[in-house]
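Trainee: show me how the following folds:
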Amino acid sequence: MKIGSAFPGAYLKAADLNGKRVGVTIDKVEMEDIGGETKPILHFKGKERGLVLNKTNANSITFIVGSDETDQWVGKRVVLYPSKTDFQGKSVACIRVDPPQPGTAPAPPPPPVDEFADDDESVPF
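Mentor: Reported below is the predicted structural model:
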């Protein structure tokens, strides 16, 4: 048992993602009191815990959705993934937000490049 599962908390944390990218659908954004500060909480369809939004993730969602109006975020899909950030001089775990990727197959690798090919006459030497 991971000890973190014994103390789940009310909000998502990076460890909850188990090192994976997780696709979610935004259900609502509500303002809640977090330690004496009112912060936006992003809630997801079918999920119990929400994500406390910081400015970085709010800006990412604004870019993904194309609007800074949180009412327009409802129903939009995003991908949550674990990452690291600097906080008070230390590297700490965090959650970041990406747009969903079209399709699921990885892109094929690029063809190899022959660095020693001498047929490129546009190189002036």
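Trainee: contacts, neighbours, all on C-alpha from now
Mentor: Will do.
Trainee: quick check: closest non-adjacent residue to residue 83.
Mentor: Leaving aside its sequence neighbours, residue 83 sits nearest to residue 94 (CA to CA, 6 or more residues apart in numbering; 5.3 Å).
Trainee: do me a favour and average the pLDDT over the helix or strand where the one you found lies.
Mentor: Per DSSP states H and E: residue 94 is located in strand 90-98. Average pLDDT, strand 90-98: 94.
Trainee: please apply the same query to stretch 58-74.
Mentor: The average pLDDT for stretch 58-74 rounds to 96.
Trainee: buried residues in that stretch, which are they?
Mentor: Under the neighbour-count criterion of 16 or more other CA atoms under 10 Å, stretch 58-74 has 58, 60-62, 64-65, 70, 73-74 buried.
Trainee: where are the low-confidence patches of this structure?
Mentor: Under the criterion pLDDT under 70, the flagged ranges of the chain are 1-8, 103-125.
Trainee: sorry, back to before: any idea how far the strand holding residue 94 is from the chain center?
Mentor: Relative to its chain's centre, strand 90-98 lies at 9 Å (CA atoms, centre = their mean, to the nearest Å).
Trainee: list the buried residues of that strand.
Mentor: 95-98.
Trainee: what is that strand packed up against?
Mentor: Applying 3 or more CA pairs under 8 Å, 6 or more residues apart in numbering; DSSP states H and E, one finds that strand 90-98 contacts helix 55-65, strand 77-87.
Trainee: can you redo these as TSV with distance to residue 31?
Mentor: What follows is these, written out as TSV (distance: least, CA to CA, whole Å):
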stretch	distance to residue 31
helix 55-65	13
strand 77-87	20
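Trainee: so which of those is nearest residue 43?
Mentor: Evaluated over those, closeness to residue 43 peaks at strand 77-87, with 11.8 Å, by CA to CA.
Trainee: that closest one: how far from the chain's middle?
Mentor: 4 Å.
Trainee: next one: stretch 54-73
Mentor: Mean-position distance between stretch 54-73 and its chain equals 12 Å (CA atoms, centre = their mean).
Trainee: residues contacting that stretch, please?
Mentor: 26, 28-29, 76, 78, 96-99 (CA atoms under 8 Å, 6 or more residues apart in numbering).
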